[in-house]
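>>> Structure for the following, please:
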Amino acid sequence: MNYDVLQVEKKWQQRWKKTNFQATQPATSNQKKYYCLDMFPYPSGSGLHVGHWRGYVLSDVYARLKRLQGYNVLHPMGWDAFGLPAENAAIKEGKHPAVATAKNIANFKEQLQAIGAIYDWSKEVNTTDPHYYKWTQWIFLEMYTAGLAYEAMTPINWCPSCLTGLANEEVVSGGCERCGSKVEQRSVRQWMLKITDYAEKLLSGLDKLEWPEKVKLMQKNWIGKSQGLVFTAPVKDTDLTIQTFSAHFEAFAADSFVVIAPEHSFLPTLLAGVENKEEILQYAQHMIRERNAHKDVGPDGICTGRYIVDPVSGKDLP
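As a prediction, this is how the structure comes out:
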């Protein structure tokens, strides 16, 4: 007996299209409701690969399970189509971004429909659609008006090949997760949101989630709540002052040194006039590269040659 894979696939693909089995029931349905959302792919390549489906199959299985349990499941799919990945792909193809993105989206969608993914395509989202991004713009303006959005120079992980910033989770062994290029550190002026203003609410929300502790820890580090004392001290032999943080004020008098992050924008200013300034800056870059390449890298450092005046004891702290 021969098993004709293509013929069987065609049969079921036609059945899925005819029955529209993925559709969400009207919101007025008496069924319990369940919302399942994937991370939208960047439509910046010629098509999806097995790595995409490796992630999507988990939510696909779970959405099917919730349907079998009697839930009215909303499981949409969309396209993260704005930004540098789509722009770079368009440049590579020599096409207008709108044309290249539309072509890639059509191919991505055809692949997901062929595989039988349980997405409600009537709820499809495209981030380049004005009907979508007018709401992201509205949300940003609300945050800006409330004083929650501000501009700042901040260090980012930069892929020189993809020409885009990367999240820490997208840096693998010091390289870009997508192309493998060596990741650089760059300071970029960008919009920031005051997430720490909501630290308590976000942290209490984490306690209610049945997530792996490893994932919760990543979220807690991202939220960035800090408890302690912030103090300002003069830097000896300069006109500079430095603001630093201590988590344990009760042991403040026992502090033996002050630390500045290797990527901090103040570091070059602090080192002005220091004899081995370039050596220190080079070592700071080495520390950053090591941290990107190895997430569990141990403590490391180099003396800047600068000292502050301890505001408690009056002694010098390196």
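>>> Now name the helix or strand holding residue 245.
strand 241-246 (DSSP states H and E).
>>> same question, residue 111
helix 97-115.
>>> quick one: the strands in this structure?
Counting by DSSP state E, the chain has strands at residues 32-35, 71-74, 78-79, 125-126, 149-159, 164-166, 171-172, 175-176, 184-193, 229-234, 241-246, 308-309, 316-317.
>>> Out of those strands, which is the most enclosed?
strand 78-79 (a mean of 22; mean count of other C-beta atoms under 10 Å). All C-beta atoms are positioned from the backbone trio N, CA, C, and that covers glycine.
>>> Against which helices or strands is that strand packed?
Contacts defined by 3 or more C-beta pairs under 8 Å, 6 or more residues apart in numbering; DSSP states H and E place strand 78-79 against helix 97-115, strand 125-126.
>>> List the contacts of that strand.
40-43, 101, 105, 108, 124-128 (C-beta atoms under 8 Å, 6 or more residues apart in numbering).
>>> swap in stretch 13-28?
31, 33, 72-75, 113-114, 116-123.
>>> try 10 Å this time
31, 33-35, 63, 67, 71-77, 113-123 (C-beta atoms under 10 Å, 6 or more residues apart in numbering).
>>> Can you select the buried ones from those residues in PyMOL?
Per 16 or more other C-beta atoms under 10 Å, the buried members of the contacts of stretch 13-28 correspond to this PyMOL selection:
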select buried, resi 34+63+67+71+72+73+74+75+76+77+113+117+118+119+120
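>>> Give me the below-cutoff pLDDT ranges for the stretch 51-200 of the chain.
Low-confidence segments of the stretch 51-200 of the chain, defined by pLDDT under 70: none present.
>>> how does it look with 80?
Under the criterion pLDDT under 80, the flagged ranges of the stretch 51-200 of the chain are 83-86, 88-89, 167-170, 173-174, 178.
>>> what's the nearest residue to residue 47 if we skip its chain neighbours?
Nearest residue to residue 47, sequence neighbours excluded (C-beta to C-beta, 6 or more residues apart in numbering): residue 107, at 5.2 Å.
>>> Please, where are all the helices along this protein?
Assigned by DSSP state H, the chain shows helices spanning 5-19, 50-68, 84-93, 97-115, 130-145, 199-206, 213-223, 267-270, 277-293.
>>> between those, which one is nearest to residue 234?
helix 267-270 (12.3 Å; C-beta to C-beta).
>>> quick one: average confidence on that closest one?
Helix 267-270 comes out with an average pLDDT of 86.
>>> That one - contacts with which helices or strands?
helix 277-293 (3 or more C-beta pairs under 10 Å, 6 or more residues apart in numbering; DSSP states H and E).
>>> between the helix it packs on and strand 149-159, how many degrees?
Angle, helix 277-293 to strand 149-159, by axes from the mean of the first three to the mean of the last three C-alpha atoms, to 10 degrees: 80 degrees.
>>> for residue 140, what are its contacts?
148-149, 191, 193.
>>> distance of the residue nearest to residue 47 from residue 144?
37 Å (C-beta to C-beta, to the nearest Å).
>>> and the residue lying closest to residue 261 once chain neighbours are set aside, how many residues sit next to it?
Sequence neighbours aside, residue 267 is the residue nearest to residue 261 in space, at 7.9 Å (criterion: C-beta to C-beta, 6+ apart). Around residue 267 there are 16 other residues, counting by other C-beta atoms under 10 Å.
>>> repeat for residue 304
19.
>>> Might one say that it is in contact with residue 258?
Yes - at 9.5 Å, residue 304 counts as touching residue 258 under the criterion of C-beta atoms under 10 Å.
>>> May I have the beta-bridge partners of residue 243?
For residue 243, the beta-bridge assignment (DSSP bridges) gives partners residue 232.
>>> which residues touch it?
230-233, 266.
>>> any idea which of those residues is the one closest to residue 180?
Out of the contacts of residue 243, the member with the shortest distance to residue 180 (by C-beta to C-beta) is residue 266, at 32.4 Å.
>>> That closest one and residue 238 touch, don't they?
No - using C-beta under 10 Å, residue 266 makes no contact with residue 238, being 11.9 Å away.
>>> The closest residue to residue 88 other than its chain neighbours: how many residues sit nearby?
Spatial nearest neighbour of residue 88, chain neighbours left out: residue 163 (5.6 Å); criterion: C-beta to C-beta, 6+ apart. Burial of residue 163 is recorded as 12 neighbouring residues (other C-beta under 10 Å).
>>> And residue 163, how far from residue 26?
Distance from residue 163 to residue 26, by C-beta to C-beta: 44 Å.
>>> With residue 306 instead?
67 Å.
>>> repeat for residue 82
Taken as C-beta to C-beta, the span from residue 82 to residue 26 is 31 Å.
>>> for residue 15, same thing?
Residue 15 is 23 Å from residue 26, by C-beta to C-beta.
>>> out of those two, which sits in the busier spot?
residue 15 (11 against 8).
>>> My read is that residue 297 contacts residue 262, right?
No - contact criterion C-beta under 10 Å: residue 297 and residue 262 do not qualify, at 11.7 Å.
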